[in-house]
Each structure stands twice: as structure tokens, then as C-alpha cells.
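Enquirer: Here you go, sequence then predicted model.
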Amino acid sequence: MSRYRGKRVLVAGAGVSGRSAAEALLAAGAEVTVTDGSADRLAALASLESQGARLVPGLDAPQEGTDLVVTSPGWRPTAPLLSAAADAGVEVIGEVELAWWLDQEKPEGPSTWLAVTGTNGKTTTVSMLESILRAAGEDVVACGNVGLPVVDAVRAGNRVLAVELSSFQLHWQSALRPKAAAVLNLADDHLDWHGSLESYGEAKAKVFAGNEVAVFNADDTWSTRLVAAAEGRHVSFTLDAPAEGQLGVAEDRLVDRAFGPGAVGTDVVLAQLSEVRPAGPHNVANALAAASLARAHGVAPEAVAEGLRTFEPGAHRSVVVAESAGVSYVDDSKATNPHAADAALRAHDSVVWIAGGLLKGADVDELVRANAGRLASVVLIGRDRAEFSAALGRHAPDVPVDEVAAGDDAGMLEAVRLAHDHARPGSAVLLAPAAASMDMFTDYAHRGRAFADAVRAVLSGTPATTRGG
């Protein structure tokens, strides 16, 4: 019998994870109410009413008799509904916590959870891990913040879950115990949500609770700091030659000196460096993290190599959308914070940089200072252009800077035209905004598509195709 049978559960948020949570709770025998501030989102869940759910718009406190609140990850703890629940002593959990408990109840036994978090690289790492595990013959699915709700993955019955977890999701966890987990890195992001870098780090560190193996990035100060309290075996990865207990890079190979086989400290070749795609140091680090989690699960070296060879990189992550007259046009719209943009910039020697958007409290000063020498010119877009412009004035005063005030696809078209005019053979026109997209676009994917459309239009001399969402 499910722990949720007969419980009165309020689902806060009618988005993708909210729908999944509500469906799972109904199937478990709970009495379910769903609330959201958007009437349109609630209306999209109308089919749940025939299953017994109640849809109530705009609740700012749990109804009397509510036993549990399941919140969508975007809701801040300070939201009136969640604050009222805490004041009333009603437990609040996230969709991932719900998935964990539902997984424990499965008649065939729970799945194996391999979890990844960090400021940048999560989706790439989880997707690489999924590819490696499939090459090993595992019944695996990538889920969580990567797109598929974890509740849906649990209900589908996959035996291994490669789980991407955001800080929002981890904030609400208490019971979660992945078999192995990795923190890739930590840098300023979502400070408007968490309040401070320390609080952001505390949320990320929850992924290390109860692991058999805790994987951390030896090249990242915060990742190393957060693993200190982890109970399981500590394994690190590095872009340098690995020491005992590490995975790293030796000449042109990815090497494991942590998991054997053979004596501890014996080099095990996992893959060739050239097999890591997209290229770049940050993606080598992602591949090492994925390999570490796979090896913690017992995957053979040959499967690691095959998984990396067959891995298909996701959209808007260092994707070359065109090459013309010796210039590469690169879409890294997924670089939604300065840390991600830094990795994208470092992959090129000469860059015409398209940057800007919503900084969410992040500082771009160090990003500009560290990359000033590779900037041929800069085109600024988005609401927080002034912060970028000020940092460029301090650290790259001789670099030409253009600003585009227009929004949406028209603004991107103008930005690409300006970047094209500045580009010279051997350089890259790089969209790596270092900021969120919602001031101009629906999301980072819309921004990336607008960039690709604009590049094709500028290179062909035809009007850009406008595509939303």
C-alpha cells in the first residue's frame, strides 16, 4: 500500500512536473488538489478532474486538512503558499522527493539513481552518462532537470536513472539517497532565488547525502569544498594527469586510476580525448564526471568509450551552425551564466562575442577580465547590457562594443549582422550570453534558434525566419 493512499495532497504548480506529480499521486490513491496562479496552466490539466483531482486557482495557503504539499521547483520557499504551509506545520517536498518515495514502493524494488548537479554542464553530463550506460546494456533513462520528470521515469520502470538535479529541486530534498552523485562545479547563479552563494552551495550539497560514491571536481574549489561532508567514498576527476583515486587526462586519453580493474592506482584507459564531443576543456570535464558515475556503477571501460563515441551533443551547446569565409558561427545559448560563458569563450582564440540578457544578480567582471585577450569585438543584447558594457570598459577598453536595443528575433538579427561585419578569418562569432533569455525570448532554446536563423539570413542575404518558443 502506498504511503500516499488517502492523504490529502496539494500540488503547487501546474507545469510539467506538477502534472506528473498529480498523476502519480492520483494513481497512488491520494486526494489531490492542484493550484497555480495561471488559469491557462490549470485549464491544461482539466483531464485530471475526471480522475478525481480538484483544480483550484491562486491558493495562498493550504486548505484545512492538507497533509502534504508537493511544490514545483520554480516556486521559491518565500512564496505565500509555501510559507503558510511551513507556518502550519504541513510538510513541503519537491517532485523529485516524491519520485524517490514512489520508487521505494515499487514491487520489483527501487531503481539505481546516479545523480548530477552543478552550475554548468549538468545536461551534457547526464546525457553522456545515459549514452555510456546504454552502451553497457543498461535499462537507463536520463531524467529530472534534463526534461523528463523523475516521477515519470520511476513510473516507467527504468532500472537505472541518470538524474539531473537543479538547486531548486535539491532545496526540497531530505530522503534522497542516490547510489552515486557528482557536483560538477559551482559559480554565481540563481542568487536571486537562494539569496547567497553559500545557500546555493548548501542546496547543491544535498546530492551527496548517503551516496556510496561521491564524485567531485578536483579543479573546482566549491565542488571540492562541498564533498568534504559526504559520507561515501570520495572520487574526483581532473583535467590534469590523475593521481591515485582520480580520473583524468594522460596525454591524449581519458584515464581511470580510481576503479580498477587491477591494483589501486593502475591506469585504465577509458577513451581517446578526440572522442569527446563537443570539444573543449569543459566537455572533457563533463565526460570524466559521467565516466566516474558509470564506473561507480560497475560499467566496463569499453562501454565508456563506446558511449562517448556515440553520444550526440544537445542543441545550443557549442554547436557550429555555419562556417563561412574562415569564420565559425557558434550557438552556445545554453551559456546562461558567466561560468558557462567562460567555458565557451575559452574554446576559441579570437571571438566576436554576442552577450547579454538577464544576469539574475551575477557579476560579469571576472568573466570579462579573464577573456579580454580573446575578444575581437562584442555585441551586447538584452536588458542588462549596461553591466556588460561597464565591465568591458574596465577590462577591455580597446575592444569595439556595439549595443542592440531591439528585442526578440529582430534584435538577434541586428546583433548577428554587426558581429558578421566585425568577424575576420580565423575568428568565431559566438553566442554565449552569460545571462538568461526571458527578457527577449521564451527561453534559451528560442534564443539559440533565433541566432541560427539570423546567421543563415545574414550569410545568404535573405530575411531571417522568425520562430518563437
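Expert: Yep, it's here.
Enquirer: How about the one residue sitting closest to the centre of the chain, nearest residue that isn't a chain neighbour?
Expert: Geometric centre of the chain, nearest residue: K122, 4.2 Å, by C-alpha atoms, centre = their mean. Once flanking residues are discounted, K122 sits nearest to E164: 4.7 Å by C-beta to C-beta, 6 or more residues apart in numbering. Just so you know, the C-beta spots here come from the backbone N, C-alpha and C atoms, and that holds for glycine as well.
Enquirer: Name the residues of stretch 323-341 that come out as buried.
Expert: 327-341 (16 or more other C-beta atoms under 10 Å).
Enquirer: How about stretch 354-363?
Expert: Buried, per 16+ other C-beta under 10 Å, within stretch 354-363: 354-360, 362.
Enquirer: hmm, back to that, restricted to helices, list the buried residues of stretch 323-341.
Expert: The members of the buried residues of stretch 323-341 that map onto helices under DSSP state H are 338-341.
Enquirer: my guess is H339 contacts N120, does it?
Expert: Yes - here H339 reaches N120: they are 5.3 Å apart, a contact under C-beta atoms under 8 Å.
Enquirer: which residues are in contact with both of those two?
Expert: Here H339 and N120 have 185, 187 as joint contacts, going by C-beta atoms under 8 Å, 6 or more residues apart in numbering.
Enquirer: one step back: specify which member of the buried residues of stretch 323-341 is nearest to A405.
Expert: Within the buried residues of stretch 323-341, the smallest distance to A405 is 19.7 Å, found for S333 (C-beta to C-beta).
Enquirer: ok, and the closest non-adjacent residue to the closest one?
Expert: Closest residue to S333 apart from its sequence neighbours, by C-beta to C-beta, 6+ apart: G448 at 3.4 Å.
Enquirer: so who does the one you found touch?
Expert: With C-beta under 8 Å, 6+ apart, G448 has these contacts: 315-316, 319, 331, 333-334, 431.
Enquirer: got it, and H420?
Expert: So H420 contacts 327, 429, 458-459 (C-beta under 8 Å, 6+ apart).
Enquirer: which intervals of the stretch 251-400 of the chain have sub-threshold pLDDT?
Expert: Along the stretch 251-400 of the chain, segments meeting pLDDT under 70 span 261-266.
Enquirer: For it, which segments count as strands?
Expert: With DSSP state E, counting those that start in this stretch as the criterion, the stretch 251-400 of the chain has strands at 253-256, 268-272, 319-324, 327-331, 351-355, 375-380.
Enquirer: What helix or strand is H420 located in?
Expert: helix 408-422 (DSSP states H and E).
Enquirer: which parts of that helix are buried?
Expert: 408-409, 411-420, 422.
Enquirer: count of neighbours near T310?
Expert: 12 (other C-beta atoms under 10 Å).
Enquirer: how near is the closest residue to it other than its chain neighbours to S377?
Expert: Leaving aside its sequence neighbours, T310 sits nearest to S131 (C-beta to C-beta, 6+ apart; 5.9 Å). As judged by C-beta to C-beta, to the nearest Å, S131 and S377 stand 37 Å apart.
Enquirer: likewise L98?
Expert: Separation of L98 from S377 (C-beta to C-beta): 49 Å.
Enquirer: who's more crowded, these two?
Expert: Comparing L98 with S377 by other C-beta under 10 Å, the one with more neighbours is L98, at 27 against 22.
Enquirer: Can you name the residues that contact the more buried one?
Expert: Per C-beta under 8 Å, 6+ apart, neighbours of L98: 21, 24-25, 70, 151.
Enquirer: TSV please, covering those and showing secondary structure and neighbour count.
Expert: Shown next, in TSV, are the contacts of L98 (DSSP: H, G, I helix; E, B strand; the rest coil; neighbours: other C-beta atoms under 10 Å):
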residue	secondary structure	neighbour count
A21	helix	31
A24	helix	24
L25	helix	25
V70	strand	28
V151	helix	25
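Enquirer: now, among those residues, which is nearest to T78?
Expert: Using C-beta to C-beta, the contacts of L98 come closest to T78 at V70, 17.7 Å.
Enquirer: what sits opposite the closest one in the beta ladder?
Expert: V11, I93 (DSSP bridges).
Enquirer: Does it touch A12 like I think?
Expert: Yes - the criterion here is C-beta under 8 Å, and V70 meets it with A12 at 7.0 Å.
Enquirer: what touches both of the two?
Expert: In contact with both V70 and A12: G18, using C-beta under 8 Å, 6+ apart.
Enquirer: so where do the helices sit in the stretch 351-469 of the chain?
Expert: 365-371, 385-395, 408-422, 444-460 (DSSP state H, counting those that start in this stretch).
Enquirer: I meant to write the stretch 1-150 of the chain there.
Expert: All helices of the stretch 1-150 of the chain, identified by DSSP H, counting those that start in this stretch, fall at 16-27, 39-43, 80-87, 95-104, 122-135, 150-156.
Enquirer: Go through these and pick out the most buried.
Expert: Among the helices of the stretch 1-150 of the chain, helix 122-135 has the highest mean neighbour count (mean count of other C-beta atoms under 10 Å), at a mean of 26.
Enquirer: if I pick V327, what's in contact with it?
Expert: 420, 423-429.
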